[in-house]
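Novice: Okay, sequence plus prediction incoming.
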Amino acid sequence: MSWQIKKQDIPLLAIGAKILSCGGGGNTKTVQNLLMSIMSDEDAIVVKTISDLVDERVVAVGIMGSTILYDEHIPSGREGVQVLEVYESTHGTKVDALIPIEIGGVNALTPLVTAVLKNLPVVDGDGMGRAYPELSMTTFHLSGIPVAPLVLQTDDENMFIEDVDTIQSTTELAKDFMVRNEGFAHLLCFAANARKIKTSMIPGSLKLIHRLGVAVKKDTLKSQKIEEISAVFENSIYGKPNLVISGVVSGVNRWFEKGSLVGRLIVEGRFSSSNKRIEIEFKNEFISIKEEEQYVCTTPDLILVLNEENLLPYNVSEIQAGHSVIVFAVQAPNILRTKEMLELVGPENFDLAVSYKSLPGEFDYETRY
């Protein structure tokens, strides 16, 4: 059954989107502020669930490139409208609904901007179930939905890409366009009939990030918040969060490599985890956890690094030595753990010398909250 997003829901969605970003996906603050500025208290975005979809033309919209440069340029919101209008006029097809490319970070919220301005519904789902750096790392691509026609829009210029042989070739053309312009662009891609979208998307992810935001912002004890966060995940297509460690970040080492922010951080356990020490590797997003040189969690499973006091999530660019954190590992939706999808998002794709293994049912850690 469809539901609605109101203005007061936006900060909650932003928190949940940042949680599912696994440290990447960009800072949600800019697009959150944009939505708060353009929405009135009476505005409502209709959200269609998988059971509501019939025969609509659905497109994925978002941004591509540097989220830092996106923040610096302060978007007007019209950019998403422009890519939509370019697509409709060039392709001769009317769009009926929008869907996020990914549910982690900025791209969970950017479709909402266009939805408000064009009075369009959004679909309760996405193509990643978290944040990833490449368009090829989507369930849309896995299901054979062509990435093109792909529309890119900057402040002054747009580009329409159609009939390119591979998604890699399309992506390279898009990246060249961004380099020549502002380092990022608004985009539209993965257009398909609702029947195809229903079988390829990760369903319920918009509702999930809203429920996570509600859980984090509740005026309750931290232990109760953790229980509620756990219940939210358990009542979804994700697994139950496994508590890995509660402790202090003792060191962070990061650098840029081929356009990605990569590195590692060390967390030293406290309280009943005082004999634990883990290393978290990241490549735009948190991609692995090691303990005693053994991998205990890798992509596509989710790694959540939260502020130990208020449970708000950290991005890889924010985390600093001295931060008190609590770390969870969450089993990804089943579709991300299939053999075919692991070939796109498994640990080998991030240069990790390990094959994917499912998380255990429960970790052995007991951490005092």
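Specialist: On my side now, so go ahead.

Novice: May I see the buried residues of stretch 92-106?
Specialist: For stretch 92-106, the buried set under the neighbour-count rule, 16 or more other CB atoms under 10 Å, comprises Val95, Asp96, Ala97, Leu98, Ile99, Pro100, Ile101, Glu102, Ile103, Gly104, Gly105, Val106. Using the backbone N, CA and C atoms, a C-beta is placed for each residue, glycine as well.

Novice: how about the fifth one, phi and psi?
Specialist: So the one you mean is Ile99. phi -140, psi 140 (degrees, to the nearest 10).

Novice: distance of it from Ser76?
Specialist: Look at Ile99 and Ser76: by CB to CB, to the nearest Å, they are 22 Å apart.

Novice: any idea which strand is longest in this protein?
Specialist: strand 242-257 (DSSP state E).

Novice: which parts of that strand are buried?
Specialist: Result for strand 242-257 [16+ other CB under 10 Å]: buried residues Asn242, Leu243, Val244, Ile245, Ser246, Gly247, Val249, Val252.

Novice: For the stretch 151-300 of the chain, which segments are assigned as strands?
Specialist: 158-161, 184-193, 202-203, 242-257, 260-269, 277-283, 285-291, 294-298 (DSSP state E, counting those that start in this stretch).

Novice: Turn the ones you listed into JSON lines, including mean pLDDT and distance to Leu142.
Specialist: As requested, those are exported to JSON lines (pLDDT from 0 to 100; distance: least, CB to CB, whole Å):
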{"stretch": "strand 158-161", "mean pLDDT": "91", "distance to Leu142": "20"}
{"stretch": "strand 184-193", "mean pLDDT": "95", "distance to Leu142": "11"}
{"stretch": "strand 202-203", "mean pLDDT": "98", "distance to Leu142": "11"}
{"stretch": "strand 242-257", "mean pLDDT": "96", "distance to Leu142": "26"}
{"stretch": "strand 260-269", "mean pLDDT": "96", "distance to Leu142": "22"}
{"stretch": "strand 277-283", "mean pLDDT": "97", "distance to Leu142": "21"}
{"stretch": "strand 285-291", "mean pLDDT": "97", "distance to Leu142": "19"}
{"stretch": "strand 294-298", "mean pLDDT": "96", "distance to Leu142": "19"}
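
Novice: Any idea which of these gets closest to Ser223?
Specialist: strand 242-257 (11.6 Å; CB to CB).

Novice: and that closest one with strand 294-298, angle?
Specialist: 90 degrees (axes from the mean of the first three to the mean of the last three CA atoms, to 10 degrees).

Novice: and strand 242-257, how far out from the chain's middle?
Specialist: 20 Å (CA atoms, centre = their mean, to the nearest Å).

Novice: One more: stretch 149-158?
Specialist: Distance, centroid of stretch 149-158 to centroid of chain: 22 Å (CA atoms, centre = their mean).

Novice: Counting neighbours, show which residues of it come out buried.
Specialist: Neighbour count says stretch 149-158 has Pro149, Leu150, Val151, Leu152, Gln153, Thr154, Asn158 buried, by 16+ other CB under 10 Å.

Novice: Go ahead and confirm the first one touches Leu187.
Specialist: So that's Pro149. No - Pro149 is beyond contact range of Leu187, at 10.8 Å (criterion: CB atoms under 8 Å).

Novice: show me what contacts the residue positioned nearest the centre of the chain?
Specialist: Centroid-nearest residue in the chain, with CA atoms, centre = their mean: Gly104, separated by 1.4 Å. Each residue near Gly104 by CB atoms under 8 Å, 6 or more residues apart in numbering is listed here: Ala17, Lys18, Leu20, Ser21, Cys22, Gly24, Gly25, Met128, Arg130, Ala131, Glu285.

Novice: change it to 10 Å
Specialist: 16-26, 28, 126, 128-132, 205, 209, 285, 302, 313 (CB atoms under 10 Å, 6 or more residues apart in numbering).

Novice: same check, this time on Leu206
Specialist: Leu206 neighbours (CB under 10 Å, 6+ apart): 3, 5, 13, 16-17, 45, 47-49, 99-100, 103, 108-109, 111-112, 122-126.

Novice: CA atoms only: put the lowest-mean-pLDDT helix or strand in the chain into PDB for me.
Specialist: One helix or strand of the chain scores below all others by mean pLDDT, DSSP states H and E: helix 67-73, with a mean of 81. Extracted C-alpha coordinates of helix 67-73, given in PDB (Å, rounded to 0.1, in the frame of the first residue of the first chain):
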ATOM      1  CA  THR A  67      29.500  14.600  -3.800                       C
ATOM      2  CA  ILE A  68      31.900  17.100  -2.300                       C
ATOM      3  CA  LEU A  69      31.700  19.300  -5.400                       C
ATOM      4  CA  TYR A  70      28.000  18.800  -5.400                       C
ATOM      5  CA  ASP A  71      27.900  20.300  -1.900                       C
ATOM      6  CA  GLU A  72      30.000  23.200  -2.900                       C
ATOM      7  CA  HIS A  73      27.900  24.100  -5.900                       C
END
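
Novice: Nothing else from me, thank you.
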